[in-house]
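In: Okay, predicted coordinates and the sequence, questions at the end:
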Amino acid sequence: TLSPHHGSDAATLLRHADQAMYVAKQAGRNRHHLFDPEKDRRARRRREDITRIGQGLAAGEFVLHYQPKVDMRQGRVVGAEALIRWQHPQRGLLPPQEFLPAIEGSETAIELGNWVIATALEQLSSWAAAGIDLKLSINIAGEHLQHPGFAAELGRQLAAHPELDPSRLELEVLETAAIEDVGRVAQLFTKCRQLGVSFALDDFGTGYSSLTYFRRLPAEILKIDQSFVRDMLDDPEDLAIVEGVIGLTRAFHRQVIAEGVESIEHGLVLLLLGCDLAQGFGIARPMPAARLPQWMAEFRPDELWSSASAFTWAREDLPMLIAEVDHRRWMKQLEASLAAAPEDAPSVDLDHQACGFGRWYQGLGRKRYGGMPTFAAIDPIHQRLHAVARQMLDQHQAGSEESLADCWEMMHGASREMSELLQQ
């Protein structure tokens with residue numbers, strides 16, 4: 001260690017040199033190591049964070065919020081995912097990414113994981129007593145799952161709730177964590193399943209996604225990672241990945257659920273691809289346990305999802321359906337632009353050939369459906385929609401709002417007419 005860069009008094013320098021010595025020993029001995037003040041600062045900060053999180057756990061500052069999982073085709077709630085939050089006395093409600101990385105690899109992470117299991121089981125018991133039959137999933141870190149005695153501790157916690165059916169509990173394990181030691185993890189899966197719980201592979205598609213690993217891991221459910229689901233309406237490669245994962249689950253007779261469903265249109269495309277189960281902000285945000293029963297009572301599936309169940313779509317027709325989604329988004333952009341002050345209005349693509357729907361119509365659409373009379377009938381309606389949109393935006397820019405209501409009526413009528421032609 002160097003003076004004065006790493007400290008000027010003898011006690012500090014000796015402490016730093018002692019730390020450097022231990023690093024050199026851990027690295028294999030017979031070497032030297034220079035004390036790293038930045039690494040030391042991070043280590044001290046981490047120790048402080050671990051201590052504070054442990055204090056928060058003892059003080060009852062952690063809570064679980066619950067995000068519903070729904071069957072879009074049947075229009076019912078099938079479960080929920082328990083998600084940890086820290087109700088920090090000074091900083092307010094903190095999401096997991098604000099505190100979980102600090103305790104990774106520590107005993108505090110194991111203690112917090114056991115707290116999540118215990119709290120989730122208590123909540124399941126409370127819901128069961130109220131007549132609410134739900135399956136609840138919790139996230140289990142790979143290091144927690146492989147911690148000595150995990151299965152025994154899980155069995156003890158389940159035994160504390162003899163009134164509960166253990167199959168109501170589902171453990172979600174990251175795909176990347178599960179394949180670090182696939183043989184051992186597969187044994188742990190089997191051991192825990194003997195207790196009655198089930199498993200899901202979380203964030204599927206972000207790791208190696210090896211078929212060998214997948215075949216060896218007895219997980220009943222795959223969760224398609226939200227990064228693929230979120231962008232699949234705009235990115236053909238993400239759409240292909242989502243479709244591939246869904247096909248994989250069919251081949252292996254597993255269930256599949258998509259996370260990150262941010263809009264009704266995301267749900268529609270998933271239904272058409274054969275994925276019925278979903279969760280995400282477009283369905284519901286995570287909520288306190290007390291709010292979930294009312295949300296369940298008020299939940300109604302979107303009409304667009306019902307229409308997906310009424311037809312059998314070919315894979316080649318998906319671009320058309322996504323093009324219609326693009327048109328709906330274009331209408332929403334127009335609405336947002338007309339609702340804002342002219343100087344703050346978001347831009348709207350007024351070129352009927354350059355918008356998302358127009359690009360599909362002139363490209364893939366014309367190639368697949370160009371010979372059909374209904375396809376030709378769409379073009380003048382689409383052009384009229386853009387012409388009226390330009391007129392409305394000009395009026396809004398000039399501060400003349402009188403005839404906008406009539407224009408909107410015409411826009412919605414033309415949009416419905418175009419949708420009917422697409423369905424034909």
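Out: Alright, I've got the coordinates.
In: could you point out the longest helix in the protein?
Out: helix 373-398 (DSSP state H).
In: Report the next helix or strand after it in sequence order.
Out: Where DSSP states H and E defines the elements, the next helix or strand beyond helix 373-398 is helix 404-423.
In: on that earlier part again, could you say what helices and strands the longest helix of the chain packs with?
Out: Taking 3 or more C-beta pairs under 8 Å, 6 or more residues apart in numbering; DSSP states H and E as contact, the helices and strands that helix 373-398 lies on are helix 318-339, helix 404-423. The C-beta positions use only the backbone N, C-alpha and C, and glycine is treated the same way.
In: Minimum distance to G183: which of those helices has it?
Out: Proximity to G183 (C-beta to C-beta) singles out helix 318-339 among the helices and strands packed on helix 373-398, at 38.9 Å.
In: what does the closest one contact?
Out: 233, 239, 265, 268-269, 272-273, 313, 345-349, 355-357, 360-361, 364-365, 368-369, 389, 392-393, 396, 404, 411, 415, 418-419, 422 (C-beta atoms under 8 Å, 6 or more residues apart in numbering).
In: likewise stretch 190-210?
Out: Stretch 190-210 is contacted by residues 137, 139, 150-151, 154-155, 158, 165-167, 169-176, 178-179, 189, 214, 217-225, 227-228, 241, 245, 257 when judged by C-beta under 8 Å, 6+ apart.
In: Kindly report the same for stretch 119-131.
Out: Residues outside stretch 119-131 that contact it (C-beta under 8 Å, 6+ apart) are 64, 66, 82, 133-134, 136, 138, 157-158, 160-161, 163-164, 168-169, 289, 293.
In: Can you select the buried ones among these for me in PyMOL?
Out: PyMOL command restricting the contacts of stretch 119-131 to the buried ones, with burial defined by 16 or more other C-beta atoms under 10 Å:
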select buried, resi 64+66+82+134+136+138+157+158+161+164+168+169+289
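In: Does Y66 lie in a helix or a strand, and which?
Out: Going by DSSP H and E, Y66 is part of strand 62-71.
In: Show me what that strand is packed up against.
Out: When contacts are defined as 3+ C-beta pairs under 8 Å, 6+ apart, strand 62-71 packs onto strand 76-88, helix 107-129, strand 135-139, strand 277-278, strand 287-288, helix 292-298.
In: Could you rerun that using 10 Å?
Out: Judged by 3 or more C-beta pairs under 10 Å, 6 or more residues apart in numbering; DSSP states H and E, strand 62-71 is in contact with strand 76-88, strand 92-94, helix 107-129, strand 135-139, strand 255-258, strand 277-278, strand 287-288, helix 292-298.
In: Sort out which residues of that strand are buried, please.
Out: When burial is assessed from 16+ other C-beta under 10 Å, strand 62-71 yields the following buried residues: 62, 64-71.
In: ditto for stretch 113-133
Out: Neighbour-count burial for stretch 113-133 [16+ other C-beta under 10 Å]: 113-114, 116-117, 119-125, 127-128.
In: ok, back up a step: for the record, mean pLDDT for the longest helix of the chain?
Out: Helix 373-398 carries an average pLDDT of 92.
In: just stretch 267-276 next, same as before
Out: For stretch 267-276, mean pLDDT rounds to 89.
In: what ranges of the chain fall below the confidence cut-off?
Out: 175-180, 205-213, 307-313 (pLDDT under 70).
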